[in-house]
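K.L.:
mind folding the following:
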Amino acid sequence: MEFYKYQGTGNDFVMIDNRDEEFPKAKEFIRQLCDRRFGIGGDGLILLENDPAADFKMVYYNSDGNESSMCGNGGRCIVAFAHFLDIFEDKTQFEAIDGLHEAEIHNGIIKLKMIDVDSIKNINGDFELNTGSPHYVTFVESVENYKVFENGNKIRNSASYCQEGINVNFVEEISENEIFVRTYERGVEDETFSCGTGATAAALVFLKDKEQPSVKVKVLGGNLKVYAERNGEGFENIWLEGPATQVYKGKIIV
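P.N.:
You can find the predicted model right below:
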């Protein structure tokens, strides 16, 4: 079986062209492929499939083998993959688990439209919202030295979230135009170098009391940018922008 490896700001994925629908969608097999010692290795696995109403369909699995909610960096990576496969020229639409997404690519930079966010819930000074995946956002000092795994694991497995899980984002305001985000991801059950829906969630919380239309987002794996327009208590026209690159391709014996 031929596969490709893509990464978006350090968030890495096994990418497979499954338009022939021959990929075996077995949890243990997917988990093995994502294993960094006994498989290819990745934060997740993404299948590119045909869709009757869009250019293609994105099917995303976490590294634990379970099909998951929307992945922003994975979305940007599959757009880069579809462009590599000559499915579109510079603009596209694709179907994902949370609905239809628009995207465009210019010089290796992918701009991905995210779903609208109706509201942001305040939880004793922290925040909860859904940007295609559920996110918990808390602002901290010196996030570079913060114990992300320990504290993220604690919140993710707390009584409120232990059953469904939640992604936990620790955010530091660097300047009026930039934030630094580190994320503990459910399904991976560890910190990742970047989380696209998490960067989006953190950016929206940051922008909710600001008049500005965008903010730069620094993550361990590089730099992203989020654009959004206020709409009542929420946001619309939300775009996640950043690089996504093909790392290598290969074949694995099934």
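
K.L.:
elements contacting the helix or strand hosting residue 45?
P.N.:
In this structure, residue 45 sits in strand 44-49 according to DSSP states H and E. Secondary-structure packing of strand 44-49 (3 or more CB pairs under 8 Å, 6 or more residues apart in numbering; DSSP states H and E): strand 11-17, helix 27-34, strand 56-62, helix 72-84. In this view, the C-beta of every residue, glycine as well, is placed from N, C-alpha and C.

K.L.:
give me the next element, helix or strand, following the last one.
P.N.:
With elements assigned by DSSP H and E, the helix or strand that comes after helix 72-84 is strand 91-96.

K.L.:
for that following strand, list every residue counted as buried.
P.N.:
Residues 92, 94, 95, 96 are the ones in strand 91-96 that count as buried (16 or more other CB atoms under 10 Å).

K.L.:
show me the beta-bridge partners of the third one.
P.N.:
In this case it means residue 95. residue 57, residue 100 (DSSP bridges).

K.L.:
now residue 128
P.N.:
residue 121, residue 136.

K.L.:
point out where the protein drops to low pLDDT.
P.N.:
Within the chain, no stretch falls below the threshold (pLDDT under 70).

K.L.:
switch to 90 and redo it
P.N.:
Within the chain, the ranges that satisfy pLDDT under 90 run 252-254.

K.L.:
quick check: domain ranges of it?
P.N.:
As recorded under automatic domain parsing, the domains making up the chain are 2-112+244-251, 121-239.

K.L.:
please tell me how far residue 95 sits from residue 78.
P.N.:
Per CB to CB, to the nearest Å, residue 95 is found 11 Å from residue 78.

K.L.:
mutual contacts of the two, please.
P.N.:
With CB atoms under 8 Å, 6 or more residues apart in numbering applied, the overlap between the contact sets of residue 95 and residue 78 consists of 56, 58.
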